[in-house]
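Asker: I need the structure of the sequence given here:
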Amino acid sequence: MNKLTENSKTFFLNHGFRNLVVVQLVFLFTQCQYFGKQIVDGGPCSYNTKIYPAKIIGFTTYDSIHWDLVFERKRDNKIDSFTYSYATKNYFLKDELSKFNIGNTYQWKEMNIIDGHCTPVVTTLIMQPYQPTNLK
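Answerer: Predicted structure coming up:
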């Protein structure tokens, strides 16, 4: 029985390493189909784009120097409000506010991803007058 045990150990030592290599190669070859095919962030991507009216409904101060515009946006029969600083990460100086009036309507652009692995929703405030003929 001792001789059988020694032969078994020798067999597994000699063949165990070979079997380990074979198992690793099988794993490698079965996984090759996935190499280089990981989902990559970035383009090309396709978006569905809609433009909604964004109406100025007020002015507010951030501090003694910086001012903000408050907008109202209506989309899908729901009304929401947001500020210029929320949309752009910027503020206005008081002198710059003279070109804006309550009731002026600008463009709120929403892009929702259709295909690809980019940012799923992209929103932009476009400070150009909204026209009902704009892409909707």
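Asker: The residue nearest the centre of the chain in helix, strand or coil?
Answerer: For the chain, the residue nearest the mean C-alpha position is residue 119 (2.3 Å; Cα atoms, centre = their mean). Reduced to three states with DSSP: H, G, I helix; E, B strand; the rest coil, the structure at residue 119 is coil.
Asker: hang on, it packs against residue 113?
Answerer: Yes - if you go by Cβ atoms under 8 Å, residue 119 and residue 113 touch, sitting 7.3 Å apart. (Each C-beta comes from the backbone N, C-alpha and C, glycine too.)
Asker: gap between the residue nearest to the centre of the chain and residue 78?
Answerer: In this view, residue 119 and residue 78 are 23 Å apart by Cβ to Cβ, to the nearest Å.
Asker: ok, the residue nearest to the centre of the chain - contacts?
Answerer: Neighbouring residues of residue 119 by Cβ atoms under 8 Å, 6 or more residues apart in numbering: residue 113.
Asker: switch the cut-off to 7 Å
Answerer: Applying Cβ atoms under 7 Å, 6 or more residues apart in numbering to residue 119 gives no contacts.
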